[in-house]
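**Q** Requesting a structural model of the entry that follows:
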Amino acid sequence: MTVLLDRPVAAPAARVTAARDPFIDLLRVVGMALIVFQHWTIPVLDYDGDRLTTGNALSTPGVWVVTWLSQVMPLVFFAGGVANAISFRRSAEPAPSWLAVRLRRLAWPLLPLAAVWIPLPHILLSLGVPAQPLEVGAKLTGQLLWFLAVYLIAVTATPYALRLHDRHGWRVPVALAAGAVLTDVARFSTGVDAVGYLNVVFVWMAVHQLGLFYAEGRLRAPWAPALGGFGAAALLVAYGPYPGSMIGLPGAEVSNMAPPTLAMLAVGLGQVGLAVWLRPALVRLPTRRLLAWAGPRIMTMYLWHMPALFAVTGVVVVLLGVDTPRPGSVLWFAGWPVWFGLLCLVMWPLLKGFARFETPPSLPYGTAGWRGMLGAAGLVGGGVLTLTVGGFAPGGGPFLAVLALLGGLLLTAPRARV
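**A** Coordinates of the predicted model:
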């Protein structure tokens with residue numbers, strides 16, 4: 001298999017291999033915008049002078065249905081599948097070299113985040129900032145990097161996923177969905193939640209695999225997956241062990257996100273079908289300038305929107321003592337524009353300062369091998385996973401994570417030809 005994947009898979013003439021698809025670009029930008037909007041809007045923050053507690057505005061009864069559209073991670077993985085398929089099909093480089101470029105683009109922007117957050121908690125503690133709120137911010141900033149850890153799996157598997165796609169077509173996502181079913185059966189029948197983490201691969205790779213079909217123009221009759229996906233999700237929530245919310249809520253016994261469940265896969269199928277169904281209308285929107293501005297800043301927005309949230313929280317909630325009003329109340333709606341405006345003011349200089357790191361430095365021309373690239377993927381993934389588990393809280397974890405990231409980046413440097 002390694003020998004077979006030394007070159008990109010040949011693309012039949014019927015396949016769509018345009019360099020850019022404005023619909024996919026729009027999904028990526030809108031998806032990131034919704035992630036940021038949700039993370040900035042739903043926290044219910046309270047500081048009693050000692051501890052900062054974090055609630056969720058979507059815990060309000062009946063509001064969970066919003067998450068069937070606002071939880072856009074399925075669309076992000078779908079768009080990633082399309083982008084990876086198009087990029088790999090068009091690449092003239094060997095597969096390991098293609099992977100090296102993708103790994104650098106994912107890992108490089110993490111270095112300035114680590115350079116700021118590793119010393120920052122120590123500096124703020126020395127200035128008298130309360131330890132517990134600072135620890136909350138440092139941990140959550142890292143925990144939200146889980147997406148990168150999973151997406152690294154999808155990127156690394158892309159050459160193999162395309163090979164399976166060419167040979168087996170629809171049987172691949174069907175097999176992945178069957179794996180999600182068996183995983184949930186094992187999880188809920190045994191009560192061992194750790195089993196459910198197999199669905200990190202089954203659920204997200206199934207959605208990623210749908211992107212390969214779209215890249216070929218083969219997602220026809222999108223109303224079928226839209227209605228079928230949302231309908232299946234409704235049945236699973238009504239009659240199965242699944243909560244209605246597609247995001248984790250405080251106090252909930254089961255989460256559809258951590259780990260992902262069959263219900264999340266069903267909603268993902270519905271979202272993909274709905275998005276492709278609406279494609280003709282979406283591509284007519286005047287979004288060219290928006291996409292040109294936002295596209296090169298997506299990773300920066302993802303990495304730095306939570307630090308912006310904690311900066312505003314530190315001033316408004318911890319320092320000034322202004323807790324979040326009851327979600328849905330008059331005070332909550334009246335204060336939200338001020339809250340959101342402050343977040344945008346903090347986010348703007350972060351975008352200006354760190355967007356430049358979305359493009360990694362150029363490396364000498366050369367070759368890369370599968371052994372080195374799989375090692376690089378393992379190191380980068382291990383570094384991201386370490387930050388996901390422990391965040392940037394003071395300790396040795398962040399240092400080990402950065403060493404792993406640097407090691408992975410070093411392995412992506414191609415060997416110069418002589």
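**Q** Enumerate every residue touching the residue positioned nearest the centre of the chain.
**A** Centroid-nearest residue in the chain, with C-alpha atoms, centre = their mean: Phe147, separated by 3.4 Å. Going by C-beta atoms under 8 Å, 6 or more residues apart in numbering, Phe147 touches 73, 76, 302. The C-beta positions use only the backbone N, C-alpha and C, and glycine is treated the same way.
**Q** Can you list which of these are found in helices?
**A** Of the contacts of Phe147, the ones assigned to helices by DSSP state H are 73, 76, 302.
**Q** Turn these into a markdown table, including neighbour count.
**A** Formatted as a markdown table, the ones in helices among the contacts of Phe147 follow (neighbours: other C-beta atoms under 10 Å):
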| residue | neighbour count |
| --- | --- |
| Met73 | 25 |
| Val76 | 23 |
| Tyr302 | 20 |
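**Q** would you list the residues you listed in TSV and tack on pLDDT and distance to Ala281?
**A** Shown next, in TSV, are the ones in helices among the contacts of Phe147 (pLDDT from 0 to 100; distance: C-beta to C-beta, whole Å):
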residue	pLDDT	distance to Ala281
Met73	94	23
Val76	94	21
Tyr302	95	27
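**Q** Just confirm Pro133 contacts Val315, I think it does.
**A** No - using C-beta atoms under 8 Å, Pro133 is not in contact with Val315; the gap is 11.4 Å.
**Q** who's more crowded, those two?
**A** More neighbours surround Pro133 than the other of Pro133 and Val315, with 23 against 13 (other C-beta atoms under 10 Å).
**Q** Surely Thr287 is in contact with Arg28?
**A** No - taking contacts as C-beta under 8 Å, Thr287 lies outside contact range of Arg28: 11.6 Å.
**Q** And these two? Which one has more around it.
**A** Between Thr287 and Arg28, counting by other C-beta under 10 Å, Arg28 is the more crowded of the two (21 against 17).
**Q** and after the helix or strand harbouring that one, which helix or strand comes next?
**A** Here Arg28 is covered by helix 22-41, with elements defined by DSSP states H and E. Going down the chain from helix 22-41, the next helix or strand is strand 43-47, by DSSP H and E.
**Q** Just the strands from the stretch 251-400 of the chain, written as ranges.
**A** Secondary structure of the stretch 251-400 of the chain (DSSP state E, counting those that start in this stretch): strands at 366-367.
**Q** Helices along that one, start to end?
**A** 262-277, 279-282, 288-294, 298-313, 330-354, 370-390, 397-412 (DSSP state H, counting those that start in this stretch).
**Q** Show me what the fourth one is packed against.
**A** Read it as helix 298-313. helix 22-41, strand 43-47, helix 110-117, helix 131-143, helix 330-354 (3 or more C-beta pairs under 8 Å, 6 or more residues apart in numbering; DSSP states H and E).
**Q** What of the third one?
**A** Helix 288-294 sits against helix 22-41, with contacts defined as 3+ C-beta pairs under 8 Å, 6+ apart.
**Q** Can you point out the buried residues in the helix it packs on?
**A** Residues 22-32, 34-36, 38-41 are the ones in helix 22-41 that count as buried (16 or more other C-beta atoms under 10 Å).
**Q** again with stretch 399-418
**A** Buried residues in stretch 399-418 (16+ other C-beta under 10 Å): 401-402, 404-409, 411-412, 414.
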